[in-house]
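K.L.:
Quick one: sequence plus predicted model below, questions after.
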Amino acid sequence: MSRVRFGSSKSGENSAPPVVTAMVVHQPGPWFDEVLQSLSNQDYSALSHVFFLTSQVVNAKADTAKSQLLMKKIKAVLPESIVRIVEGNPGFGALINETQRIVEGDQGLFCVMHDDVLLQPSTISQLVHEMIVSNASVVGPKLVQWDNPTILKSVGLLIDRCGEVDPLIEINERDQEQHDSVKDVFFISSACMLIRADTFRELDGFCREISFFGEDLEFCWRAHLSGARVIVAPSAVVRHREMFTQRAPELSRDALSARHRVRTVTTLTWRLELPLVWLQMLVTSVIETIFGVFSGNFRGSLANLRATVSVFVDFAYVWSRRREVRKVRRVPASDISKMQVRGSARITKFIRHRRALESSSIASAAKSQKLWRQSSTREAGFALLVIFSLIIIGSRGIILNGSRTVGEFLPFEGGANTAGSLMKMFRSGWWSSGFGEAAANPTGLGILALGGFFVFGNLALLETLMIVGSLFVGFFGMWRLCGSLYNTRARLVGATVYVSLPISYDAIARGRFSALLIVAALPWVFDLLRRAGGLQPNERIDGLTNSLLPNSEKSTDVGISRLTQLISALVLILGLVAAFAPAMLVITFIGVILWCVASVFGGTSVRTIGTMLSVGIVGVFGSLFINLPWSMHFVSSKWWQLLTSDQSIGDRNLGLVALAGLDFGNITGGTLVLASYFCVACSLLVANSWRFVWALRSSFLVVGGLLLAVLDDQGLLPFQMPEPVIILSLVACGLALASATCASVFSETSAKKTSDWRRSVGLLVPVAMSVAILPTLLSVVDGRWHQPEATVSQLFAQMPDNPADGNYRTLFVGDNELLPISTNAVTNKVSYGVSDDGPVNIVSHWAPQRTAMNALADHALTALVNRQTVRIGRLMSPLAIRYIVVPLGDQPSQSSRLLIDSLSNQIDLRRLYFAQDLVIFENSAWLPIVSLLDEESAVASEKVGESALIVRELRSMRPMFVDDQSVSNKTVSDSFDGGTVHLAVPFNKNWQLTVDSARLSPRVAFGASTAFDAPIKGVAKLSFRTSKLRDLYLLVQAFIWFGLLILAANFSRFRRQVRSVTGESVRLVADDSQKILKLDRLPK
């Protein structure tokens, strides 16, 4: 290896200390010729040069072709220089440290340089002179702009104790010799830094773990700790381009600078001051992040906060690094504190920044566009504050007092529900909702139980968070999706329009829990599809017309690990929502098809479309997989009806205007939403280049979703669809995307100060959006988004809760959308659902629908609807149905009126309550859920068919096991003198009745339910034996969910962060094979 040797010259032969420049060269531009020439023109005689050339890594191998050409260029100007070509770009500090191996001795000086600095002929001489005169160890020049040398870039830098930099100059400050005195500074930029060789070796060079951004601060801080002096010599002037980030776009300057700053502070601060300093960094980072939303510097502020918190991840590194630095600590901590800025450098920078904004020197076009982006970010912050405030104000009644029980909004805490009881129910092998079934419980119960643990058992709080939080989830989902338009204002417009459309608030008003969750999750699905396809803008120009091509979207390659992460996230989102709303899978499949078809017309590559389609399909089926074994519930001849969750409604005849306006009668001025469709047409007209593809996607979602909703509304489809509000979630996504596309186009024309017809049309778009969101703004006053004052559940108070005459069930029957629990279809107009006594709660959101007892109920209700029986009470005796509730709503349908007439004609029913919106009947022939049958009823229970129920009324001698628990969780025991115990649940051999120590096996009763013949007397106890494999299934399911969470959250980035602390090694791939350059041969 060729070397430069210090200290080998004869005394007096060369009095000037030898200087070796060390420069890292990374993909330089044409300006590099001037850099080389400036080095060649230096008037300092004892000067030699070392260059480190980075290379590109292609297929895990270094491509040195360009580096070889660059080496020849260097040799042509500086033939005696030493050039090293290295694999990739291991970092500035790591390469500069290699100088210690290339150069021998410690009697000279190192001049560390970037590859984009232009030295004056006397720069090295001035730096060496000032180092000798001032007895300094580190000296830096005055840095000025490359293109305009009258503008200062750096005259040394100070820091506060949190490591925040005070640059000592204002932005774009002119050089009027006001900073031309030699002065001590805390650190100088590594763009050009003269260092004593012995100091550099003592400190072991730059920190190995800092690749880019921050190596100069860390080195100079250690130099101060060792007692060295750091000064700036303004007589030495260097022009600096400072464009490394443009040549290395893969590096995140904000993140790296923040991380390295925090690591430097935590490794070099005095140990007794460190806790307080870290706390100060945390508090200021949090405050800065909050203000960053409104100041336009949110990303930089967030990077500081993440870096501060990541100290715990870097703890091992900080500990070992502090031990290494301990060797060079010679200066007391108090002396270091005196060198630092008192107070906060952030405030000082803020004041200088505000002054610079008022300066006329920043009025160039590039700066104007930058200020435009900062302004848009600041406006977005204030807009977010207003939007979130309106959502909270509009939801104040729900936040303070909880949601009313309307529609599917069933109370989470109803009855004996707790987080523990929900988990116990989830683990059980008996699905207790409805009539019950020996099957896996819904995954949603487990999710609610876990959520209850996170909110310390407050299930009411969890319910409120899920309802109100869904509004925010939908907002941020659309914000992320609109990020594809690369414009803050476009993101704000799209997210604002989405959260302002009345579809979510109508779902809250009518209690459509499934629809609310789907509306919140759908933008996230499309965003993951977009990311999986690697969709990026690409403004291609037509060479003939010199105009943007209409279809010019490009797709970047998405690696396997990234694709795995996105698929995992999609499966988790779909699985989570489908656990509560299975229709999510149907609407996602339709949305994926519309998205991909629009992409075909937009010119997206076939490979990208195939990827997005595959990801969508994998997400749908993957969500079913992670919901196993409960999702086996959908393996049925009626699987489509079970998925759509809308089994009985055919033609609703809401009309095109109501559907297009997302108006279901609960929002004032719903027809004003029609103004938002102007944005769809406008986006197709004004969007060009890659934005036109997004306009197509939004229009396909709007037209496709609206067409399906209209056809379903008129009953013209050969299959059932989810309820209209769920279908129209596609329309809402399309409207928001179209609005964001328009905003993106108009923001660009405004930033470029261009005036064309697009800008004129753009004046109408804000008007249309303002009109469209007006109905939601008017609804804010209500405080509950127009939830009804009186609800069905409030009328249940007159029904006995855990009565002495036995536990019972309530049958809800009528229009599907009016029933508060999971339903079965009797006809296309009539559905029914069943719940146990006591308050209706979230457990009834799910129910098995294919049991033998469901078949009995289907048969009885079909006979009722067709007016074929007057003994509906006797037919339902084995089902333990005591009350029949018929919700009518504000405008009772014809089918509901006919149903009331049929029920009124039943001999064994009596009308208990009658109102305009609700009718309740009581069954006089009911049996308790667990009862001791008389002798004749016991004999009848052995028969199958309607005759066994119609011939005579079944009678119960007395109820048994009466408590507030579900039938599978009975904790009470009961004594009896023997007989037949009837259990109104579908038969399963795992039911067990224990009388004293005797275990009795069950038999089928009435062809569907369960009975125990107990010829002995004693103390009885009822239980259901859950297979031990159930816990194994749940353990596997939990493992799958946790694994997907790890993949989706990409926790491996923390592992990479820990690994990155070690730094990269330098691998030499080529050198110039130069002979050893000795000191006595240096040019004079």
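P.N.:
Okay, I see it. Numbers count the residues shown, from 1 in each chain.
K.L.:
Strands of the stretch 101-250 of the chain, start to end?
P.N.:
In the stretch 101-250 of the chain, the strands defined using DSSP state E, counting those that start in this stretch lie at 103-104, 109-113, 117-119, 138-145, 152-154, 158-159, 165-166, 183-184, 192-196, 230-240.
K.L.:
Of the ones you listed, which is nearest Gly381?
P.N.:
Checking those against Gly381 by CB to CB gives strand 165-166 as the closest, at 24.4 Å. No exception for glycine: its C-beta is placed from N, CA and C like everyone else's.
K.L.:
Reformat the strands of the stretch 101-250 of the chain as JSON lines; add mean pLDDT, distance to Lys424 and mean neighbour count.
P.N.:
Formatted as JSON lines, those follow (pLDDT from 0 to 100; distance: least, CB to CB, whole Å; neighbours: other CB atoms under 10 Å):
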{"stretch": "strand 103-104", "mean pLDDT": "84", "distance to Lys424": "73", "mean neighbour count": "20"}
{"stretch": "strand 109-113", "mean pLDDT": "93", "distance to Lys424": "67", "mean neighbour count": "26"}
{"stretch": "strand 117-119", "mean pLDDT": "93", "distance to Lys424": "70", "mean neighbour count": "22"}
{"stretch": "strand 138-145", "mean pLDDT": "94", "distance to Lys424": "68", "mean neighbour count": "25"}
{"stretch": "strand 152-154", "mean pLDDT": "90", "distance to Lys424": "66", "mean neighbour count": "23"}
{"stretch": "strand 158-159", "mean pLDDT": "89", "distance to Lys424": "57", "mean neighbour count": "20"}
{"stretch": "strand 165-166", "mean pLDDT": "85", "distance to Lys424": "57", "mean neighbour count": "20"}
{"stretch": "strand 183-184", "mean pLDDT": "92", "distance to Lys424": "70", "mean neighbour count": "14"}
{"stretch": "strand 192-196", "mean pLDDT": "94", "distance to Lys424": "67", "mean neighbour count": "26"}
{"stretch": "strand 230-240", "mean pLDDT": "93", "distance to Lys424": "67", "mean neighbour count": "23"}
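K.L.:
Quick one: closest of those to Ile593.
P.N.:
Shortest distance between Ile593 and the strands of the stretch 101-250 of the chain, using CB to CB, is found for strand 165-166: 52.7 Å.
K.L.:
Show me what the closest one is packed against.
P.N.:
strand 158-159, helix 345-357 (3 or more CB pairs under 8 Å, 6 or more residues apart in numbering; DSSP states H and E).
K.L.:
Do I have it right that Ala419 meets Leu461?
P.N.:
No. Using CB atoms under 8 Å, Ala419 is not in contact with Leu461, being 11.3 Å away.
K.L.:
quick one: which of those two has more around it?
P.N.:
Ala419 (22 against 18; other CB atoms under 10 Å).
K.L.:
contacting residues for that one?
P.N.:
Leu448, Ala449, Gly451, Gly452, Phe453, Gly457, Leu459 (CB atoms under 8 Å, 6 or more residues apart in numbering).
K.L.:
mean pLDDT for the helices and strands packed on strand 165-166: which is lowest?
P.N.:
With a mean of 58, helix 345-357 has the lowest mean pLDDT of the helices and strands packed on strand 165-166.
K.L.:
follow-up on the earlier one: between the contacts of Ala419, which sits nearest Ser1001?
P.N.:
When these are compared against Ser1001 (criterion: CB to CB), the nearest one is Ala449, at 32.0 Å.
K.L.:
Trp524 versus that closest one, what's the distance?
P.N.:
24 Å (CB to CB, to the nearest Å).
K.L.:
same check, this time on His26
P.N.:
38 Å.
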